[in-house]
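**Student:** just the structure for this:
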Amino acid sequence: MFGPIAVYLGLAAVLGSETYSAVANGWAIPTATDIAFSYLVGRMVFGAGHPAVRFLLLLAIADDAAGLIILAIFYPSGELAPEWLLLSLVAAVGVFVLANWLPRQLDRGNQDRPVSTKMRRIFSFWPYLLAGCFSWYGFMMSGLHPALGLLPIVPTIPHADRAFGIFSEAEQYLTDLLNMIEHALKHPVEIILFFFGLLNAGVEFSSMGPATWLVLAGLLIGKPIGIFLFGWFAAKPLKLGIPEGMRIIDLVVIGFVAAIGFTVSLFVASVAFDAGPVQDAAKMGALFSFAAAVVSIVAGKLLRVQKQDI
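**Tutor:** Numbers count the residues shown, from 1 in each chain. Sure, this is the predicted structure:
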């Protein structure tokens, strides 16, 4: 994320103080990665079985999670009233204790887990939905963006043991509440994301301006530079290594794949700028980031990525 920010603000400064002051507030736009489209392109470039695809997914999820934190801190939706966040905290702690921790405590020593089973059969996901509504309202009243409101509730939802590894195929066979909610929301979220992109991307080609090229440069140049440099630093000087089957040079290709901003970048652009020519120009940059798909495929060929489909 430092790569895109540095490229965006650096080039804005080169363009002059007037341009810099007009576009500087959009520095967070190119930090985003569209998880769905990046995953699709990643599978095309590396193959479904390549470890780089799991690395890309984890990177994109962490990227967007950090982006939501940036959204909360640097782009408040109103005057800050942090005391309202106590409502979110109470909702999260309350639903965890009453619907998760307490039934498990009552079931201690009983492998049939009758209380937990009865709790899920009777109430299902409704306690968490109710807590989510309270948390969402608390965030809205606090001045932070309400899109963040459900985040405190997610860790409170009961889930199965994940010891078999992240993004494992075994997850599709789990029946825990978190997995059930995730699969139930999959198609509605895809439909909502489609209409979100359709409605928020409605800008004309004449809207192109400095913000367009800054967002595009931040994504297409800053993302690969940031991912490669920090990935190399973690793998080599810090001796943390990389996933087995991946090469250091694959980080460059992953960087190009992660440069697809689209929906998340559109969302940040709509928050960073007031409606008008600068916002429209920034959105054009987010739309043009689809060019990263073509660049990723070319980079994969040039750097001799070996596709692994199994």
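**Student:** every contact and neighbour count from this point should use C-alpha atoms.
**Tutor:** Will do.
**Student:** all the helices of the stretch 1-150 of the chain, residue numbers only.
**Tutor:** For the stretch 1-150 of the chain, applying DSSP state H, counting those that start in this stretch gives helices covering 2-14, 17-23, 35-46, 51-74, 85-96, 102-106, 114-123, 126-142.
**Student:** need the ones you listed in TSV (columns: distance to residue 282, mean pLDDT and mean neighbour count).
**Tutor:** Converted to TSV, these look like this (distance: least, CA to CA, whole Å; pLDDT from 0 to 100; neighbours: other CA atoms under 10 Å):
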stretch	distance to residue 282	mean pLDDT	mean neighbour count
helix 2-14	11	96	20
helix 17-23	9	93	15
helix 35-46	19	92	21
helix 51-74	16	88	18
helix 85-96	31	96	19
helix 102-106	49	93	16
helix 114-123	44	92	14
helix 126-142	26	95	21
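**Student:** who wins for proximity to residue 262 among those helices?
**Tutor:** Among the helices of the stretch 1-150 of the chain, the nearest to residue 262 by CA to CA is helix 35-46 (8.5 Å).
**Student:** would you mind getting the angle between the closest one and helix 51-74?
**Tutor:** Helix 35-46 runs at 150 degrees relative to helix 51-74, counting by axes from the mean of the first three to the mean of the last three CA atoms, to 10 degrees.
**Student:** start at 7 instead
**Tutor:** In the new numbering, first residue 7, that becomes helix 41-52.
**Student:** name the helices or strands packed onto helix 41-52?
**Tutor:** When contacts are defined as 3 or more CA pairs under 8 Å, 6 or more residues apart in numbering; DSSP states H and E, helix 41-52 sits against helix 57-80, helix 256-263, helix 297-308.
**Student:** mind listing what's buried along the helix or strand just after the shortest one?
**Tutor:** Using DSSP states H and E, the next helix or strand after helix 256-263 towards the C-terminus is helix 268-278. Buried positions in helix 268-278, judged by neighbour count with 16 or more other CA atoms under 10 Å: 268, 269, 270, 271, 272, 273, 274, 275, 276, 277, 278.
**Student:** which of the residues you listed sits closest to residue 203?
**Tutor:** residue 269 (5.7 Å).
**Student:** who's in contact with the closest one?
**Tutor:** The neighbours of residue 269, taking CA atoms under 8 Å, 6 or more residues apart in numbering as the test, are 40, 199, 202, 203, 292.
**Student:** and it, how far is that from residue 199?
**Tutor:** Between residue 269 and residue 199 the computed distance is 7 Å (CA to CA, to the nearest Å).
**Student:** please tell me I have it right and residue 19 contacts residue 29.
**Tutor:** No: assessed by CA atoms under 8 Å, residue 19 is found out of contact with residue 29, at 9.9 Å.
**Student:** chain neighbours aside, what residue packs nearest to residue 156?
**Tutor:** residue 138 (5.3 Å; CA to CA, 6 or more residues apart in numbering).
**Student:** what residues are up against the one you found?
**Tutor:** Counted by CA under 8 Å, 6+ apart, residue 138 has contacts 97, 155, 156, 159.
**Student:** neighbours around the third one, how many?
**Tutor:** So the one you mean is residue 156. Applying other CA atoms under 10 Å, we find 21 residues neighbouring residue 156.
**Student:** per-residue confidence for it?
**Tutor:** Per-residue pLDDT puts residue 156 at 90.
**Student:** mind listing what it touches?
**Tutor:** 138, 139, 141, 142.
**Student:** got TSV for these, with distance to residue 314 too?
**Tutor:** Listed next are the contacts of residue 156 as TSV, based on distance: CA to CA, whole Å:
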residue	distance to residue 314
138	40
139	43
141	42
142	42
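**Student:** please report phi then psi for residue 39.
**Tutor:** Main-chain dihedrals, residue 39, degrees, to the nearest 10: phi -130, psi 130.
**Student:** which stretches of the stretch 107-256 of the chain have low pLDDT?
**Tutor:** The stretch 107-256 of the chain contains residues with pLDDT under 70 at 168-169, 171-173, 206-211.
**Student:** quick check: residue 237 touching residue 256?
**Tutor:** No: using CA under 8 Å as the test, residue 237 is too far from residue 256 to be in contact (10.2 Å).
**Student:** for residue 309, see how far away residue 228 is.
**Tutor:** To residue 309, residue 228 is 19 Å away according to CA to CA.
**Student:** with residue 46 instead?
**Tutor:** Counting by CA to CA, the separation of residue 46 from residue 309 is 19 Å.
**Student:** convert stretch 214-233 to CSV, retaining C-alpha atoms only.
**Tutor:** Provided in CSV are the C-alpha atoms of stretch 214-233 (Å, rounded to 0.1, in the frame of the first residue of the first chain):
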residue,chain,number,x,y,z
MET,A,214,-10.5,12.2,-17.7
GLY,A,215,-8.0,14.5,-15.9
PRO,A,216,-4.9,14.4,-13.7
ALA,A,217,-6.7,12.3,-11.1
THR,A,218,-7.3,9.6,-13.7
TRP,A,219,-3.6,9.1,-14.5
LEU,A,220,-2.5,9.4,-10.9
VAL,A,221,-4.9,6.7,-9.8
LEU,A,222,-3.9,4.5,-12.8
ALA,A,223,-0.2,5.1,-12.1
GLY,A,224,-0.6,4.4,-8.4
LEU,A,225,-2.2,1.0,-9.3
LEU,A,226,-0.2,-0.1,-12.3
ILE,A,227,3.2,1.2,-11.1
GLY,A,228,2.9,1.5,-7.3
LYS,A,229,1.3,-1.9,-6.7
PRO,A,230,3.9,-4.0,-8.4
ILE,A,231,6.7,-1.9,-6.9
GLY,A,232,5.3,-2.1,-3.4
ILE,A,233,4.4,-5.8,-3.4
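**Student:** with that, I have no additional questions.
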